[in-house]
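Trainee: Okay, structure incoming, though there's no sequence with it:
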């Protein structure tokens, strides 16, 4: 029987340009403010996810936007608070995604998404990735947001994934690299934004997905050694 190997990916920030999507959504309401408010929004989103782990992601985005707008003294109308949830299905996929996920799957890896979003959102997003995905674990399914370990443990329990045939690939240091390290899941950090934090937390670090196939294979070999 063939050994099943899993490559799990975060979605937003790793496969989908999260920063671009957030900034453009904000610009629809407050032209020219998007790039300025991204970091403030990011901090508020983490806080809301921690405070209300059972809240749907659409509502998390709305509350984080409310707080970011309040801090910036911008007048956010109540009927505009869901602009990010309304546009997320159209956020751009990074150009290195389709070909490299397709190649990874052709190399014998199954692909799963461990994502901090709702079922309907990831369903809309999957159709734009340009490569098949075998399964998904969402925040809505597990009732919490990464860096809580529930995504990882649900995936492990559901598919019998073991550390010698599982590699996690993600951009977020906080949401993905830290919990994956805590759980001793082999991991590849996609450091798209040249984050200066300690790279030794990961088994390998890449600036994008262009070398992800050979890197995942190498990390997996080392895990089996």
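Mentor: Received the coordinates, thanks. Because the structure is a prediction, the values reported are computed rather than measured.

Trainee: what secondary structure does residue 209 sit in?
Mentor: For residue 209, the assignment made with DSSP: H, G, I helix; E, B strand; the rest coil gives coil.

Trainee: Is it correct that it is in contact with residue 98?
Mentor: No - contact criterion Cβ atoms under 8 Å: residue 209 and residue 98 do not qualify, at 9.8 Å. Backbone N, C-alpha and C define where each C-beta goes, glycine included.

Trainee: which of the residues in the top helix by length along the chain are buried?
Mentor: Using DSSP state H, we find that the single longest helix of the chain is helix 34-51. Residues of helix 34-51 classed as buried: 34, 37, 38, 40, 41, 42, 44, 45, 46, 48, 49 (neighbour count, 16 or more other Cβ atoms under 10 Å).

Trainee: Check residue 1 and give its pLDDT.
Mentor: pLDDT, residue 1: 56.

Trainee: Would you convert the buried residues of helix 34-51 into TSV that also reports pLDDT and distance to residue 79?
Mentor: TSV is the format used below for those (pLDDT from 0 to 100; distance: Cβ to Cβ, whole Å):
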residue	pLDDT	distance to residue 79
34	95	19
37	95	19
38	95	23
40	95	22
41	97	19
42	95	24
44	97	20
45	97	21
46	96	25
48	98	20
49	97	24
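
Trainee: domain ranges for this structure?
Mentor: 5-16+92-224, 18-90 (automatic domain parsing).

Trainee: Could you identify which of the ones you listed is most buried?
Mentor: Highest mean neighbour count among the domains of the chain (mean count of other Cβ atoms under 10 Å): domain 5-16+92-224, with a mean of 19.

Trainee: got the end-to-end distance for that domain?
Mentor: One end of domain 5-16+92-224 to the other measures 12 Å (Cα to Cα, to the nearest Å).

Trainee: pLDDT below threshold where in this structure?
Mentor: Counting by pLDDT under 70, the low-confidence segments of the chain come to 1.

Trainee: So which elements touch the longest strand seen in the chain?
Mentor: The longest strand of the chain (DSSP state E) is strand 109-115. Helices and strands touching strand 109-115, by 3 or more Cβ pairs under 8 Å, 6 or more residues apart in numbering; DSSP states H and E, are strand 5-9, helix 97-106, helix 119-126, strand 135-138, helix 150-159.

Trainee: hmm, back to that, and for the longest helix of the chain, what's in contact with it?
Mentor: Under the contact criterion Cβ atoms under 8 Å, 6 or more residues apart in numbering, helix 34-51 has outside partners 19, 22-27, 30, 55, 60-61, 63-65, 67-69, 71-72, 116, 139, 145, 174.

Trainee: Sort out for me which of those are in helices.
Mentor: 19, 22-27, 60-61, 63-65, 67-69, 71, 139.
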